[in-house]
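Colleague: Structure for this input, please:
(2 chains)
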Amino acid sequence: MIWETVIGLETHVQLSTKTKLFSRASTAFGASPNTNVNLVDCGLPGVLPSVNKEAFYKAIRFGIAIGAQINQTSIFDRKNYFYADLPKGYQITQMDLPIVLGGSIEIITDDSSKTINITRAHLEEDAGKSIHDEYDGFSAIDLNRAGTPLLEIVSEPEISSAKEAVAYMKAMHQLVTYLDVSDGNMAQGSLRCDANVSIRKKGNKELGTRTEIKNINSFKFIEKAINYEVKRQIKILENGEKVTQETRLYDSVKDETRPMRSKEFANDYRYFPEPDLLPVVISNEEMQTIKDEFPELPKEKENRYIKEFNLSAYDAQIIASSKSMADFFEDAAKKTTNYSLLSNWLIGDISAFLNKEMIEIHESKLNSDNVAMLINRIDDQTISGKIGKSIFEEMWVSGSSPDEIIESQGLKQISDDGAIEEIIMTVIRDNPDQVEAYLGGKDKLFGFFVGQVMKLTEGKANPQAVNKILKEQLKK
Amino acid sequence: MDQETVSTICYLARLKIDQTKSEKIQNDLETIIELISGLQSIDTSNIKPLYSPLEMTALTHEDEEKSDNKKEKFLENAPASNDDYFLVPRVVE
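Modeller: Numbering: from 1, shown residues only, chains lettered A, B, ... in the order given. The predicted structure is shown next:
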């Protein structure tokens, strides 16, 4: 039997607004518990929400980027359920008239690309956070996150493998960070998804029974959770049994999904229009401003880098693929003129260090001033490329500037011909046998002399100067 | 409407009702539904939905922080709390 996997993703993107969707409390991550909370966020009676338009502008920017229809009049609805971290007993969300309808996202797996259609994207408020295992017999509630704006993006069930699901989330991450819709920080929960997974016989039109895996927050876990779930469902079907429609959680430690404790009753959210909020209307002028201020997207950046900085297509594509890297490159490019050396460093050593620690460049200790300075010192031959690498390692750890490191460790390249000549003379004097052999035709020994000079200068001698003077002196 | 529906509705709203009044509540609910269902007989297929009876749009705010956090007061008024958190009977999924 050949089985076919059908996946639809619901992605929750935390919008990078300064304040909450319905109040002016801060959305800053990591604040001390229950300090970013005001009367509206903790659901006190008698208070009225107001709407943060910036959240709408960000949602609209996303909608335009995916070619969707924008509902300039949209309304909010109440989704009713009881949970301790939902202070009002309902979540304000959009049901009937979401801000974004339709559109599509292009994903790339290996060498082929595929279009995934988007059903809708709507604005809603996040809930607070529950901590279950720190206080005996109690769950502790932190309402800092309550009311943070989320954009929930619902895909059509057109994703056919865990690999494609990862590609979809990566495309989503690139898009929302590029559009400055979200900081995209997955570890802090700014981008997370629920996966609806079902299996059917290849060729069947009808969808199989699906399960929903909740709250997956890393690319790695998306792939693992879906692969596990697909295998589990195939096994059930091949045993002639039926898949139960349910919500499951992925346990990354055991690498398995398991059902969430089933509720006594099926959920019944009893949606109805939110009476505390009037319709939100976005004017044509506002729409025009959003379009006029539309940020540059990866493909446009790539082409500009090729033209403006003379980067190769390959380099331009890699640098433009991450917003964080592209911003860094552009900042540093203002402070150095050797763009190709800069891009080599970003793609090479710097990316290798970033990948090893799995962080983005803005999360490292590097800054564009220091990296540009490093490029300039190599470019003006104050230091060799090799010394540059050891300076870089120090910069990575301490965040110091290259000049500080060059100064404090005495790493400045020796380019003074007189000083180099003196060292070369010492090397020639100390190794008469090798000099004789070299002059007798053993050309390969030239490297030995270079090595000796570098050893004496701790790698600081300018290699071009060493080569030139050494050749001259050996001939004498 | 039957007694089971009444108890489901009560559960969803987390309402505890006096069982002796359950039947009266069922009758009341039936009357309300009957009354409202009169609206269903009107043909609205060509009418644009009215999302709000007020011809106004939502109150909006600038995306600038204005804090009026009253953490101590909020926690003090909760049935149970410690220095940092609201405490509720343990809920685990």
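
Colleague: hey, which strand is longest across chain B?
Modeller: Assignment by DSSP state E gives strand B:86-89 as the longest strand of chain B.

Colleague: before we move on, what about chain A?
Modeller: Assignment by DSSP E; longest strand in chain A turns out to be strand A:112-125.

Colleague: So is it next to chain B?
Modeller: No: judged by CB under 8 Å from any CB of the partner chain, strand A:112-125 stays clear of chain B, getting no closer than 11.9 Å. The C-beta positions use only the backbone N, C-alpha and C, and glycine is treated the same way.

Colleague: which element is A:Asn196 on?
Modeller: In this structure, A:Asn196 is located in strand A:191-201 according to DSSP states H and E.

Colleague: mind giving me the domain split of chain A?
Modeller: Under the assignment named as automatic domain parsing, the residue ranges that make up the domains of chain A are A:3-286, A:296-409, A:417-475.

Colleague: ok so, going back, now check the longest strand of chain B, is it near chain A?
Modeller: Yes: applying CB under 8 Å from any CB, one finds strand B:86-89 touching chain A at B:86-89.

Colleague: got a list of contacts for that strand?
Modeller: Contacts of strand B:86-89 with the rest of the structure, by CB atoms under 8 Å, 6 or more residues apart in numbering or on different chains, involve A:34, A:84, A:135, A:137-141, A:143, B:74-75, B:78, B:80-81.

Colleague: same check, this time on stretch A:313-328
Modeller: Residues contacting stretch A:313-328 (CB under 8 Å, 6+ apart): A:174, A:177-178, A:298-299, A:301-303, A:305-306, A:309, A:311, A:329, A:340, A:343-344, A:346-347, A:351, A:360-362, A:366, A:368, A:371.

Colleague: Can you tell me which residue is spatially central in chain B?
Modeller: Note on chain B: the residue nearest the mean C-alpha position is B:Ala13, at 7.2 Å, using CA atoms, centre = their mean.

Colleague: mind listing what the closest residue to A:Asp85 other than its chain neighbours touches?
Modeller: Taking CB to CB, 6 or more residues apart in numbering or on different chains as the measure, A:Asp85 lies nearest to A:Gly128, with 3.8 Å between them; neighbours along the chain are not counted. The contact partners of A:Gly128, by CB under 8 Å, 6+ apart, come to A:85-87, A:141-146.

Colleague: Which pair in these has the greatest spatial separation?
Modeller: Of all pairs drawn from the contacts of A:Gly128, the widest gap by CB to CB lies between A:Leu86 and A:Asn144 and measures 14.0 Å.

Colleague: So if I had to pick from these two, which one is more boxed in?
Modeller: A:Asn144 (24 against 21; other CB atoms under 10 Å in any protein chain shown).

Colleague: which residues sit in contact with that one?
Modeller: Contact analysis of A:Asn144 by CB under 8 Å, 6+ apart lists A:31, A:33-37, A:128-129.

Colleague: top helix in the chain by residue count?
Modeller: This is for chain A. Longest helix of chain A, by residue count under DSSP state H: helix A:219-238.

Colleague: looking at chain B here, not the other one
Modeller: Selection of the longest helix in chain B by residue count, based on DSSP H, yields helix B:22-37.

Colleague: Which of the contacts of strand B:86-89 sits closest to B:Ile17?
Modeller: Taking CB to CB as the measure, B:Ile17 lies nearest A:Ala84 of the contacts of strand B:86-89, at 23.3 Å.

Colleague: The nearest residue to the closest one once chain neighbours are set aside: neighbour count?
Modeller: Excluding the flanking residues, the one nearest A:Ala84 by CB to CB, 6+ apart is B:Val88, at 4.3 Å. Residue neighbour count, defined by other CB under 10 Å, stands at 18 for B:Val88.

Colleague: repeat for A:Asn117
Modeller: A:Asn117, neighbours per other CB under 10 Å, totals 13.

Colleague: Any idea what it is bridged to?
Modeller: The residues paired with A:Asn117 through beta bridges, assigned by DSSP bridges, are A:Ser104.

Colleague: That one reaches A:Ser155, doesn't it?
Modeller: Yes: using CB atoms under 8 Å as the test, A:Asn117 is close enough to A:Ser155 to be in contact (7.2 Å).

Colleague: Let's verify B:Asn69: helix, strand, or coil?
Modeller: With DSSP: H, G, I helix; E, B strand; the rest coil as the basis, B:Asn69 sits in coil.

Colleague: I should have written A:Asp331 there, sorry.
Modeller: Under three-state DSSP, A:Asp331 falls in the helix class.

Colleague: same thing with A:Ala326?
Modeller: Once three-state DSSP is applied, A:Ala326 turns out helix.

Colleague: what's the distance between it and A:Pro295?
Modeller: For A:Ala326, the distance to A:Pro295 under the criterion CB to CB, to the nearest Å works out to 11 Å.

Colleague: which one of these two has more residues nearby?
Modeller: Between A:Ala326 and A:Pro295, counted using other CB under 10 Å, A:Ala326 has the larger neighbour count: 23 against 13.

Colleague: The closest residue to that one other than its chain neighbours is in what secondary structure piece?
Modeller: Leaving aside its chain neighbours, A:Ala326 sits nearest to A:Ala320 (5.2 Å; criterion: CB to CB, 6+ apart). Element membership of A:Ala320, judged by DSSP H and E, is helix A:313-321.

Colleague: Ok, A:Gln452 next?
Modeller: Take DSSP H and E as the rule and A:Gln452 turns out to sit in helix A:446-456.
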